[in-house]
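Undergrad: sharing a sequence plus its predicted fold:
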Amino acid sequence: MKIQPYQLAQKQSLDLNSKIIMSKQRIRQWYDHWEGNVYVAFSGGKDSTVLLHLVRSTYPDVPAVFCNTGLEYPEIVKFVKQIPNVTWLKPKKSFKKVIEEYGYPVISKENATKINEIRTTKSEYLKNKRLHGDANGNGKLPEKWKFLLNAPFKISSHCCYVMKKGPFKSYDKQTNNKPFVGIMASDSFMRQTLYLSRGCNAFSTNFPQSNPMSFWLEKDVWNYIKTEKVAYSSIYDMGYKRTGCMFCAFGAHLERPINKFQLMKITHPKLYKYCMEKLNLHEVLKYCNIDH
C-alpha cells in the first residue's frame, strides 16, 4: 500500500491521542493477522519502550526480544533487565571481529554501503553507478564522501546485519513470530521511503514487520512517556539523544553541539578509551574529520 507524502504529513500533524488510537488499531490488526504469534523488537531505547507500553496496554503477554550485541550502553542493559518477559539474543561475532572482517560503520548506512560496493564489486555497472549515478544521476556516492574511497581501513554497513538483523531474523525463523518495531518515518530518509512504500504493517514482504509508530514524531514519544508516566533508561538523562550501538559512527558528523563520542569521553571514559585505542576509532574518526 503506497502512501503519499502529504498523507504522511497529515498524520504527523495529528495530536498525540489520535496517534495513539491509530497505532493501537495497527497493533490489533497485526496481532489478529498472525493470531498472536508476535513480539516487540526491544532495544531499551525510548521509542521501543513506548512501543512496548502501547502493545502491552492491549496485549499484556506479548514478549519483548532484546539483542545484547555488547555495544549497548550499560544503562540500557540495566534498564532492559528490569523489564519482564524479555528474550535475550546475541550475535555470533563480536563488533571487533565484524569491523576487522567487513569494515567500520561511518557517515551513514547508505553511503557506507556505496563505499564498500565501489571498493569490492566485480560489476563495472554497479561501480559506475555508485561513482557517477544512473541515467538520472541517482545512486551515486556524494562527491564530499569520495575521499573515503582512499581510507586506510575498511568501510561497510554490514555490522548492522551481523550484530542485530541477523539474530532477529534467526529468531523469527525459529519461532515464526512476527515483530513490532519502533521506528518512525521522521528518523531518516530511508525510513520515510520505507513507510511511503508499504505503510505501517508490511504483511507480505520477505520479512514481515509492523511499524505502528511510523507517523509519530520524537516529541510525541516524550509526551507519551510524560503523560503515561513510562519508565525509561537513565541514559537519556545523561545527554544522549539516541541510544544505538555505542561505537557506531553513523550520523556522528551531524550531531550538535557535541557528538556521541565527545559525550562518551565525559560519561563513560573507560569505554571511550577502549573504542579509541582497542578498536582504532581514534584514527577512523580523525580520517573522517569527525570530532572526538
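TA: Cool, got the structure.

Undergrad: any idea how far stretch 144-163 is from the middle of the chain?
TA: Distance of stretch 144-163 from its chain centroid, counting by C-alpha atoms, centre = their mean, to the nearest Å, is 17 Å.

Undergrad: can you check stretch 36-46 too?
TA: 13 Å.

Undergrad: what's the answer for stretch 82-101, then?
TA: Averaged C-alpha coordinates place stretch 82-101 at 14 Å from its chain's average position (C-alpha atoms, centre = their mean).

Undergrad: how about the strands in the stretch 1-150 of the chain?
TA: 38-41, 64-67, 86-89, 106-107 (DSSP state E, counting those that start in this stretch).

Undergrad: okay, those strands in CSV with distance to Asp172, mean pLDDT and mean neighbour count next?
TA: Bear in mind the C-beta positions are built from the backbone N, C-alpha and C, glycine included. As requested, these are exported to CSV (distance: least, C-beta to C-beta, whole Å; pLDDT from 0 to 100; neighbours: other C-beta atoms under 10 Å):
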stretch, distance to Asp172, mean pLDDT, mean neighbour count
strand 38-41, 9, 98, 23
strand 64-67, 9, 98, 22
strand 86-89, 11, 98, 15
strand 106-107, 29, 96, 26
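
Undergrad: distance to Thr120 added to these, as TSV?
TA: Listed next are those as TSV, based on distance: least, C-beta to C-beta, whole Å:
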stretch	distance to Thr120
strand 38-41	30
strand 64-67	26
strand 86-89	28
strand 106-107	16
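
Undergrad: quick one, which of those strands is nearest to Met163?
TA: With C-beta to C-beta as the criterion, Met163 lies closest to strand 64-67 of these, at 7.4 Å.

Undergrad: centre of the chain to the closest one, how far?
TA: 14 Å.

Undergrad: output the contacting helices and strands for it.
TA: strand 38-41, strand 86-89, helix 166-175 (3 or more C-beta pairs under 8 Å, 6 or more residues apart in numbering; DSSP states H and E).

Undergrad: re earlier: of the strands of the stretch 1-150 of the chain, which is nearest Cys160?
TA: strand 64-67 (11.2 Å).

Undergrad: hmm, who's touching the closest one?
TA: Outside strand 64-67, the residues that touch it by C-beta atoms under 8 Å, 6 or more residues apart in numbering are 39-44, 52, 80, 83, 85-91, 163-164, 167-168, 171, 179.

Undergrad: if we can go back for a sec, mind checking the strands of the stretch 1-150 of the chain for the one nearest to Ile20?
TA: strand 38-41 (16.1 Å).

Undergrad: strand partners of that closest one, parallel vs antiparallel please.
TA: The partner list of strand 38-41 in its sheet, established with DSSP bridges, is strand 64-67 (parallel), strand 178-181 (parallel).

Undergrad: about what we covered before: among the strands of the stretch 1-150 of the chain, which is nearest Pro74?
TA: Comparing the strands of the stretch 1-150 of the chain under C-beta to C-beta, the one sitting nearest is strand 64-67, at 14.3 Å.

Undergrad: send me that closest one as CSV with only the CA atoms.
TA: Extracted in CSV, the C-alpha atoms of strand 64-67 (Å, rounded to 0.1, in the frame of the first residue of the first chain):
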residue,chain,number,x,y,z
ALA,A,64,9.8,-8.5,24.1
VAL,A,65,13.1,-9.6,22.4
PHE,A,66,16.4,-7.8,23.0
CYS,A,67,19.6,-8.4,21.2
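
Undergrad: how much space is there between His53 and Glu228?
TA: 6 Å (C-beta to C-beta, to the nearest Å).

Undergrad: ok, Lys96 next?
TA: Distance, Lys96 to Glu228, using C-beta to C-beta: 39 Å.

Undergrad: pick out whichever of those two has more residues nearby.
TA: Of the pair Lys96 and Glu228, Lys96 is the one with more neighbours under other C-beta atoms under 10 Å, namely 15 against 12.

Undergrad: so how far is stretch 137-151 from its chain's centroid?
TA: 23 Å.
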